[in-house]
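> Got a sequence here, can you model it:
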Amino acid sequence: MITPSEDIIHLWATFAGAMTAPTFANALVLLDGTILAPGRRTVTAALRVLGLTEGSTFGKYHRVLSRAQWSPMVLSRLLLGLLVKTFVAEDAPLVLVIDETLERRCGKQIVYRGRFDDAVRSTAQRGAVTSGIRWSCLCLLVTVPWSGRLWALPFLVVPVLSEKTCQKLKKTHRSGTQWAAWMLAKVRRWVPGRQIVLVGDGEYATVELIRASQQGAGLLVGRLRWDASLWAFPDPQPPSKRGRKPKKGARLPSLRQRLDDPATLWQPATFTWYGGAAKTVQIATGSCLWW
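Numbers count the residues shown, from 1 in each chain. From the prediction side, this is the model:
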């Protein structure tokens, strides 16, 4: 059987504390085979490329992903620490990128399966719905020596279940933004004291996620429409007042109105994106609007 180099063995040893010794030994075989396997990287393909013939021993490797006891959160924390130590300077902020992807899967044995809107197969005239698993992926944005572009390295992935699937499994339903706030709180506990910048598309430009970012002393970068409806945070409700608590406060001016308002105060700010050229932009004082 092919054996990896000493550098790869030393790298894998970082994750040894997340599982038992027998499970970790079987996981090392799957990891080495996944690196070398061409085409689809299944468990069987990973074992065959290492010279293991199919037989009764194949079952113990399949059980690593189905029955073995190990914590994905512990592995994610160890992986994030390794990535930060390798690619990010001590005084640099952690730039995180979050997005969702749809894995098209079908079958009665896939318990997390649901029906979601498929953006890849949809067109402007017709929307497509696909059966599968929707994953929310959190990545660390880094620079690598062999490329001039930024790389997004995933380290934490959670399934975003549909309401119908949550009812079937008797789980609490969470939206994509709620899972993003949960993952942001996890990263804050894993790397305390580091500034975190979370970057997402228009789906994550919500008041709920902005509040989660501010509570963790972080920064949220999202995309908004010029005519987006902006609302302030709700005021604290007195204990004597009955009824439901308000979810939003007073209406705020839109981004277009703030840009055209001559009373808007601007201040220059200089950003350096991971060792690149510095860029000076104008930021509206006390808001998220920049130009």
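
> For residue 178, see how far away residue 204 is.
11 Å (C-beta to C-beta, to the nearest Å). C-betas here are computed from N, CA, C, even on glycine.

> between those two, who's got more neighbours?
residue 204 (24 against 17; other C-beta atoms under 10 Å).

> List phi and psi for that one.
Backbone geometry at residue 204, expressed as degrees, to the nearest 10, gives phi -100, psi 0.

> how about it, what does it touch?
Counting by C-beta atoms under 8 Å, 6 or more residues apart in numbering, residue 204 touches 98, 176, 177, 180, 198, 220, 222.

> What sits closest to it if chain neighbours are left out?
residue 222 (5.2 Å; C-beta to C-beta, 6 or more residues apart in numbering).

> Thought residue 200 was touching that neighbour, still the case?
Yes - counting by C-beta atoms under 8 Å, residue 222 does reach residue 200; the two are 5.4 Å apart.

> which residues are common contacts for these two?
residue 209.

> Nearest spatial neighbour of residue 237, chain-adjacent residues omitted?
Among residues not flanking residue 237 along the chain, residue 245 sits closest, at 5.1 Å (C-beta to C-beta, 6+ apart).

> can you check residue 183 too?
With C-beta to C-beta, 6+ apart, the residue lying closest to residue 183 is residue 138, at 5.1 Å.

> Check which residues of the strand or helix carrying the one you found are buried.
Following DSSP states H and E, one finds residue 138 within strand 128-143. Under the neighbour-count criterion of 16 or more other C-beta atoms under 10 Å, strand 128-143 has 130, 132, 133, 134, 135, 136, 137, 138, 139, 140, 141, 142 buried.

> how about the nearest residue to residue 111, chain neighbours excluded?
Using C-beta to C-beta, 6+ apart, the nearest residue to residue 111 is residue 169, at 6.5 Å.

> which stretches of the stretch 151-291 of the chain form strands?
Per DSSP state E, counting those that start in this stretch, the stretch 151-291 of the chain carries strands over the ranges 196-199, 219-221, 230-231, 251-252, 266-272, 278-284.

> make that the stretch 1-150 of the chain, sorry
94-104, 114-118, 128-143, 150-159.

> quick one, which of these is nearest to residue 31?
Smallest distance to residue 31 across the strands of the stretch 1-150 of the chain (C-beta to C-beta): 15.7 Å, for strand 150-159.

> how far off strand 94-104 does that closest one point, in degrees?
60 degrees (axes from the mean of the first three to the mean of the last three C-alpha atoms, to 10 degrees).

> Compute the inter-axis angle for strand 150-159 and strand 128-143.
130 degrees.

> Going by neighbour count, which residues in strand 150-159 are buried?
152, 154, 155, 156, 158.

> Show me what that strand is packed up against.
When contacts are defined as 3 or more C-beta pairs under 8 Å, 6 or more residues apart in numbering; DSSP states H and E, strand 150-159 packs onto helix 72-87, strand 128-143, helix 176-190.

> closest to residue 241 out of these?
helix 176-190 (26.2 Å).

> So which other helices or strands are in contact with that closest one?
Packed next to helix 176-190, using 3+ C-beta pairs under 8 Å, 6+ apart, are helix 72-87, strand 94-104, strand 128-143, strand 150-159, strand 196-199, helix 207-215.
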